[in-house]
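Peer 1: give me the fold of what follows.
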Amino acid sequence: MRLSRKTTTSTTSVVTAALLLALVAAATVAVGSATGAGRTPSSLTACAAKDGGSLRLVAKKKACRPDERPVTWGKRGPRGAPGTNGVDGTNGAVGPQGPAGAPGMSGYQVVEELTPVNGFLFGTFYATCPAGKRVVGGGATAVTEEGIEQATDTFTVLSQSPTADGRRYYAGVYNTGTVVKRFVVRAICVSATT
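Peer 2: Model prediction:
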């Protein structure tokens, strides 16, 4: 009798394990099929015997008997809380040094040419940069006897520009008054190799 009881218990355990594996496999297939089709996977419900652990599939948990407990597979749990931020990565290696930039301007100098202009006369006058320098700007204006710039309505700059060779700045001026006016032409020069 003892041998028969052990054999029965062993057989029941094997059957229960086989049934459990079959249910898990069925649940896995069902969940995988539903997920692959883009649908929400449905859960599977079974009743497990409290004594021996045998399983049987049911439609609802309420179908379980008093000597059984409900078991469910494939049910989606609640969303987990967001994880903490990861640690910052290490700084990358220093990149190679870039090529040297072009040389900047040097040898800045302003050259002035002061010239008197008689009344009702027109003239073109030049301010010339020293050798090795080129014009980058300039201008012309009327000045007092002391060389201080002054505004006057009898002095007109008709034209002004650097010359084509880049070495001089010229201004064409006209004295519309009756007295001599002094004006200055300025050339802004910088060092250049050409």
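Peer 1: helices of this protein, start to end?
Peer 2: For the chain, applying DSSP state H gives helices covering 2-36.
Peer 1: quick one, domains of it?
Peer 2: 2-73, 109-191 (automatic domain parsing).
Peer 1: which of these has the lowest average pLDDT?
Peer 2: Across the domains of the chain, domain 2-73 has the smallest mean pLDDT, namely a mean of 63.
Peer 1: circling back: and of the domains of the chain, who's closest to G98?
Peer 2: Evaluated with C-beta to C-beta, these place domain 109-191 nearest to G98, the distance being 25.0 Å. No exception for glycine: its C-beta is placed from N, CA and C like everyone else's.
Peer 1: circling back to that earlier point, in JSON lines: the domains of the chain, plus mean neighbour count and distance to A93.
Peer 2: Converted to JSON lines, the domains of the chain look like this (neighbours: other C-beta atoms under 10 Å; distance: least, C-beta to C-beta, whole Å):
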{"stretch": "domain 2-73", "mean neighbour count": "13", "distance to A93": "44"}
{"stretch": "domain 109-191", "mean neighbour count": "16", "distance to A93": "39"}
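Peer 1: quick one: which of those is nearest P82?
Peer 2: For the domains of the chain, proximity to P82 was assessed by C-beta to C-beta; domain 2-73 is nearest, at 22.6 Å.
Peer 1: just to revisit the earlier point, can you list the domains of the chain in CSV and add distance to G83?
Peer 2: Listed next are those as CSV, based on distance: least, C-beta to C-beta, whole Å:
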stretch, distance to G83
domain 2-73, 23
domain 109-191, 62
